[in-house]
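>>> Quick one: sequence plus predicted model below, questions after.
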Amino acid sequence: MPFADLRLSLATQSLDLVMQQTIMQSLSLADATVFSPGQTSVGLACDQHIETLYIHIPFCHTLCRFCSFHKIKYNREKALVYFEALRKEIKRVIAAGLRFNRVYIGGGTTTILEDELVKTIELIKSLTNVREVSCETDPSYFKTGKPEMLNGLVDRMSIGLQSFDDSILKASGRFEKFGSGDEQEIDIAKGIELFPTVNVDLMYGFKGQTPASVVADIERMIQLKPDQITTYPLTLGIGKNRKKSKCLAGESKDLWPQFLAVKQAMAEHYMMEFPWTYSRNFGDKVENKYVLDGENCFGVGSGAFGRFGQQFQISSFDIDGYIELINQGNVGTSHHKMLSNKSINQHHLMIMMGKGCLDNALFKAHTGKGLWQAFPLELGYLLAAGALIKDGNSYRTTEAGQFIALKMFSGFLAGMDYLREQALQLANTR
C-alpha cells in the first residue's frame, strides 16, 4: 500500500474512534432539560436569525431496515389528527414572532397525505414569506401519487433512491417497497420534469459494492440529469441502529476507492459543492442550501430537532404526547439542552472542510477565535494526515481532506441517529 494511502487509512480509523467517543459525550441527552407545560422554545428562537423551519412527518407505509428517522406505520386516522395538530403548532410559532427563510419537510414519508401536506404549505405561505420550500419523497410517489398537486408549492424535491442495484434494494428492504432499479429510474425521470430543483440521494459502501458498481449507479443517474446528486456512504450508527446497518455495510477500507470513483464519474457534468453533494455544471446555477449548513433551524412536529445558538431543541417523539401538547396550547418541544461551543465549532469545522477552505479571518470574525485557538489538536491531526495545505493564514483541503470531510459528515449523521435513539427513550420514560 502506498504511504499516502496507508497514512489516510490510519487517519480515518483513528477519526472513527474519536468521533464515536465525541458523539457519545457531546450529544448525550442525559443532561437534557424537560420543558414544563407553558414553557416555550419560541421566545429563545426569536432572539436568533432562523434560516430554516424543519417540519417532520412521522408516517411510512412500510419501514426501511436501515432508516433511523422517527416514524411509525401509517394510520390514516392518526395522521389526519397529527396534521391538524402540526398546523396548530405552525400557526402558534409564527404568531409568537418566529420568522424563517426556508422550509424543509422531512420524514417519514412527507407525501403520505398530499391534501394535508398542501394545506400545511399553503398555511405557511399565507402567514409569512419564505424563499424556498424543500420536501423529501421516494421514487414511487411519482407513480402512485399526485405530485402535480405540489407544483408551485415545492421548490426543491429531494428523492431518496439509494441505489439502482436490485440486490442492494432487496437487502435493504426497498425493492418490495419501491420496486426495481429500472422502475425507480422511470419514476425519478417523471419527478425531474415536475419541480424547479430536484436532488436525488445515492448511497455507497454496501456489502458487495465495488468502484465499478458505484460508478454504474452514478452514470445511470447522470443520464437523468437531476439538478443535484447527494451521495455518501451508508452510515454506521453508534447505538442500536449500528447492528442493523452493519449487516448491510461493506469493508471500511473500500470507501476510499469508491469515493475516488464517484468524484471521477461526476467530474464532467457535476461540480462538487461538498464531498457528499454535487450540482450540475450545465444550465442555470443551482443554489445549494441545506438544513446541514450549520445555520439556525427551528423544528416542528413529532420527532423534529432544532438548533439556534447553543440551544438544541427536541420535539416529542411520542406522537400522541405531541398531539396532546399542541391541544393544550403548547408547542411540541419536550426537551432541550445546551451545546458546548466546542461542539458547535466542530460542526463548523466539518462544513469548512466540506467546502474546501478553512478561512482563518472569516472563522475569527464569526467566533472570536483563530483556527489554531479553536482546533489545536484537530489541525495537527489534519496536517499530519495530509488533509490540508497551508494557504496564507488559511488552509485548503486536499483530496484526502475531502475524504476526511466525508467521514466527518458520516459521523454527523451517526450523531443524529444517536440523538434520535435517545429522544425516543426520553419519550418512552415520560
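Looks like it arrived, so ask away. What you are looking at is a predicted structure, and each value in this text was computed from that prediction instead of being measured. Residues are numbered from 1 along each chain as shown.
>>> check which helix or strand covers residue 377.
In this structure, residue 377 sits in helix 376-384 according to DSSP states H and E.
>>> so what secondary structure elements neighbour that helix?
Helices and strands in packing contact with helix 376-384 are listed as helix 3-26, helix 341-355; criterion 3 or more C-beta pairs under 8 Å, 6 or more residues apart in numbering; DSSP states H and E. For the C-beta atoms, the positions are set from N, CA and C on the backbone; glycine is no exception.
>>> for this protein, what are the low-confidence residue spans?
Scanning the chain for pLDDT under 70 picks out the ranges 1, 37-48, 64-66, 239-244, 287-294, 430.
>>> In the stretch 101-250 of the chain, what residue spans correspond to helices?
Listed in chain order, the helices found in the stretch 101-250 of the chain under DSSP state H, counting those that start in this stretch are 114-127, 141-144, 166-172, 175-178, 181-194, 211-224, 241-246.
>>> Against which helices or strands is the third one packed?
Yep, that's helix 166-172 we're talking about. Contacts defined by 3+ C-beta pairs under 8 Å, 6+ apart place helix 166-172 against strand 156-162, helix 175-178.
>>> In that helix, which residues are buried?
Residues 166, 168, 169, 171, 172 are the ones in helix 166-172 that count as buried (16 or more other C-beta atoms under 10 Å).
>>> Let's see that helix as PDB, backbone CA atoms only.
The C-alpha atoms that make up helix 166-172 are tabulated as PDB, following Å, rounded to 0.1, in the frame of the first residue of the first chain:
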ATOM      1  CA  ASP A 166     -31.700  -4.700  -7.300                       C
ATOM      2  CA  SER A 167     -29.500  -6.900  -5.000                       C
ATOM      3  CA  ILE A 168     -28.900  -3.800  -2.700                       C
ATOM      4  CA  LEU A 169     -32.600  -2.800  -2.900                       C
ATOM      5  CA  LYS A 170     -33.600  -6.300  -1.800                       C
ATOM      6  CA  ALA A 171     -31.100  -6.400   1.000                       C
ATOM      7  CA  SER A 172     -32.200  -3.000   2.400                       C
END
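>>> what's in contact with it?
When contacts are defined by C-beta atoms under 8 Å, 6 or more residues apart in numbering, helix 166-172 is touched by residues 64-66, 162-163, 175-176, 178, 180-181, 206-209, 248.
>>> Among the residues you listed, name the buried ones.
Buried residues within the contacts of helix 166-172, defined by neighbour count using 16+ other C-beta under 10 Å: 64, 66, 162, 163, 175, 178, 181, 206, 209, 248.
>>> any idea which of those residues is closest to residue 224?
residue 181 (12.2 Å; C-beta to C-beta).
>>> how about the helices in the stretch 301-430 of the chain?
For the stretch 301-430 of the chain, the helices defined by DSSP H, counting those that start in this stretch occupy 319-327, 341-355, 360-367, 371-374, 376-384, 399-429.
>>> picking that back up, adding distance to residue 320, write the helices and strands packed on helix 166-172 out as JSON lines.
Written out in JSON lines, the entries for the helices and strands packed on helix 166-172 read as follows (distance: least, C-beta to C-beta, whole Å):
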{"stretch": "strand 156-162", "distance to residue 320": "27"}
{"stretch": "helix 175-178", "distance to residue 320": "26"}
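>>> now for the ones you listed, which one comes closest to residue 252?
Ranking the helices and strands packed on helix 166-172 by their distance to residue 252 (criterion: C-beta to C-beta) puts strand 156-162 first, at 18.9 Å.
>>> and the angle for the closest one with helix 211-224?
150 degrees (axes from the mean of the first three to the mean of the last three C-alpha atoms, to 10 degrees).
>>> Just checking: what are the partner strands of strand 156-162?
Using DSSP bridges, the strands paired with strand 156-162 in its sheet are strand 132-137 (parallel), strand 197-204 (parallel).
>>> TSV for those, including mean neighbour count?
Compiled in TSV, those are given as follows (neighbours: other C-beta atoms under 10 Å):
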stretch	mean neighbour count
strand 132-137	22
strand 197-204	22
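>>> of all those strands, which lies closest to residue 365?
Among the strands paired with strand 156-162, strand 132-137 comes nearest to residue 365, with 26.6 Å by C-beta to C-beta.
>>> which residues touch that closest one?
When contacts are defined by C-beta under 8 Å, 6+ apart, strand 132-137 is touched by residues 101-107, 109-111, 117, 121, 124-125, 145, 147, 150, 153-160, 191, 289.
>>> picking up where we left off before, which one of the contacts of helix 166-172 sits closest to residue 237?
Comparing the contacts of helix 166-172 against residue 237 with C-beta to C-beta picks out residue 66 as the nearest, at 9.2 Å.
>>> Skipping adjacent residues, who's closest to residue 109 in space?
If the residues on either side of it in the chain are set aside, residue 109 comes closest to residue 60, at 4.8 Å by C-beta to C-beta, 6 or more residues apart in numbering.
>>> Contacts only, for residue 105.
Taking C-beta under 8 Å, 6+ apart as the contact definition, residue 105 lies against 54, 55, 57, 117, 121, 133, 134, 135, 136.
>>> Kindly recompute the last result at 7 Å.
Counting by C-beta atoms under 7 Å, 6 or more residues apart in numbering, residue 105 touches 55, 57, 134, 135, 136.
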